[in-house]
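*Asks:* Provided below are the primary sequence and the corresponding predicted coordinates.
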Amino acid sequence: MVTAKVAPVKRAAPKRKAAIEETPKKLVLESPKSNIDKAIDLIKWVDTPFKLFEVVLLSSVFFFGYFAWDSKVVILNAITNSSKQPELKEIKVLEHVAQMLQKDLEAETVLVHKVVLVVNSRTTLLAYNTKGRDTSLDGYISTVFSKDAARNAAIVAMMNGEVFCDKLTASGKSSEWEQKQGVTYICRGSIPPEVGAFEGYVSVGFTKEPSDLNAVKTRINLAATEMAR
């Protein structure tokens with residue numbers, strides 16, 4: 001029997017994968033971000049109402065060129081803790097305390113302001129001059145922080161628990177009123193006077209700088225304590 005010859009099967013040689021030439025990556029130099037890019041990044045960061053308020057408040061503050069960056073900690077802490085702070089007492093109590101304060105310090109004027117830091121608002125609750133209660137400023141609303149560097153400095157000092165005394169600079173309706181009463185020097189203290197507690201403040205005006213400022217500051221702090229619940 002003749003065996004048929006079977007032609008050997010030729011195995012195809014495996015095809016070599018074509019070498020993929022990698023194009024060398026080009027070095028890309030990142031250009032510094034433009035002001036527009038920075039603004040976009042800031043907008044993306046502001047994702048809560050609190051961050052929005054922080055940006056608006058600090059932008060306003062730095063626009064006037066007065067506060068150091070460290071002041072933002074004091075301001076933001078006061079805002080954060082504002083809901084936990086004591087409130088001002090009723091007007092009748094504030095009137096009595098203000099009258100006694102004016103009498104003890106022989107001051108020309110005493111003003112009491114309520115503040116709401118979250119909206120940068122200040123409301124004048126009452127004003128006293130040598131003739132007694134003057135209702136012309138009652139309910140007058142203005143800003144807590146403004147372009148007045150002296151007032152801004154006083155606000156930050158009061159947040160730190162200090163009574164801030166300085167020459168009067170007329171920059172608004174209430175300070176112009178004080179000036180008309182003959183005031184040239186004022187001392188301002190937080191209500192209540194504790195550090196970080198800032199629900200309002202009392203402003204005491206004099207015709208000249210008092211000889212014993214320590215006594216004045218102590219008396220203002222006592223009055224500020226009586227004015228808070």
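*Replies:* That came through fine. Numbering: from 1, shown residues only.
*Asks:* what's the burial count for residue 179?
*Replies:* 16 (other Cβ atoms under 10 Å). C-beta here means a position set from N, CA and C on the backbone, and glycine is covered the same way.
*Asks:* I should have written residue 100 there, sorry.
*Replies:* Residue 100: 15 neighbours (other Cβ under 10 Å).
*Asks:* My read is that it contacts residue 220, right?
*Replies:* No: with contact defined as Cβ atoms under 8 Å, residue 100 does not reach residue 220; the gap is 11.8 Å.
*Asks:* quick one, what contacts residue 200?
*Replies:* Going by Cβ atoms under 8 Å, 6 or more residues apart in numbering, residue 200 touches 88, 112-115, 125, 190-191, 227.
*Asks:* Quick check: bridge partners of it?
*Replies:* Counting by DSSP bridges, residue 200 forms beta bridges with residue 114, residue 191.
*Asks:* Could you measure from it over to residue 223?
*Replies:* 12 Å (Cβ to Cβ, to the nearest Å).
*Asks:* what do you get for residue 143?
*Replies:* 24 Å.
*Asks:* Of these two, give the one with the bigger neighbour count.
*Replies:* residue 223 (24 against 15).
*Asks:* For the strand or helix carrying the more buried one, buried residues please.
*Replies:* Using DSSP states H and E, the element containing residue 223 is helix 213-227. Buried residues in helix 213-227, defined by neighbour count with 16 or more other Cβ atoms under 10 Å: 216-217, 219-224, 226-227.
*Asks:* just stretch 87-95 next, same as before
*Replies:* For stretch 87-95, by 16+ other Cβ under 10 Å, it's 88, 94-95.
*Asks:* repeat for stretch 123-135
*Replies:* 123-129.
*Asks:* Kindly report the same for stretch 156-171.
*Replies:* Using 16+ other Cβ under 10 Å as the test for burial, stretch 156-171 gives 156-159, 161-165, 168.
*Asks:* How much space separates residue 213 from residue 92?
*Replies:* From residue 213 to residue 92 the distance is 30 Å (Cβ to Cβ).
*Asks:* likewise residue 148?
*Replies:* Taken as Cβ to Cβ, the span from residue 148 to residue 92 is 31 Å.
*Asks:* now residue 221
*Replies:* 22 Å.
*Asks:* OK, contacts around residue 128?
*Replies:* With the criterion set at Cβ under 8 Å, 6+ apart, residue 128 makes contact with 98-99, 102, 109-111, 134.
*Asks:* Put the buried members of the residues you listed into a PyMOL selection.
*Replies:* Selecting only the buried entries of the contacts of residue 128 in PyMOL, with 16+ other Cβ under 10 Å as the criterion:
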select buried, resi 98+102+109+110+111
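*Asks:* got the contacts of residue 128 as CSV, with distance to residue 207 columns?
*Replies:* Below are the contacts of residue 128 laid out as CSV (distance: Cβ to Cβ, whole Å):
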residue, distance to residue 207
98, 18
99, 19
102, 13
109, 10
110, 14
111, 16
134, 17
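*Asks:* Now flag whichever of the contacts of residue 128 is closest to residue 182.
*Replies:* residue 109 (8.7 Å; Cβ to Cβ).
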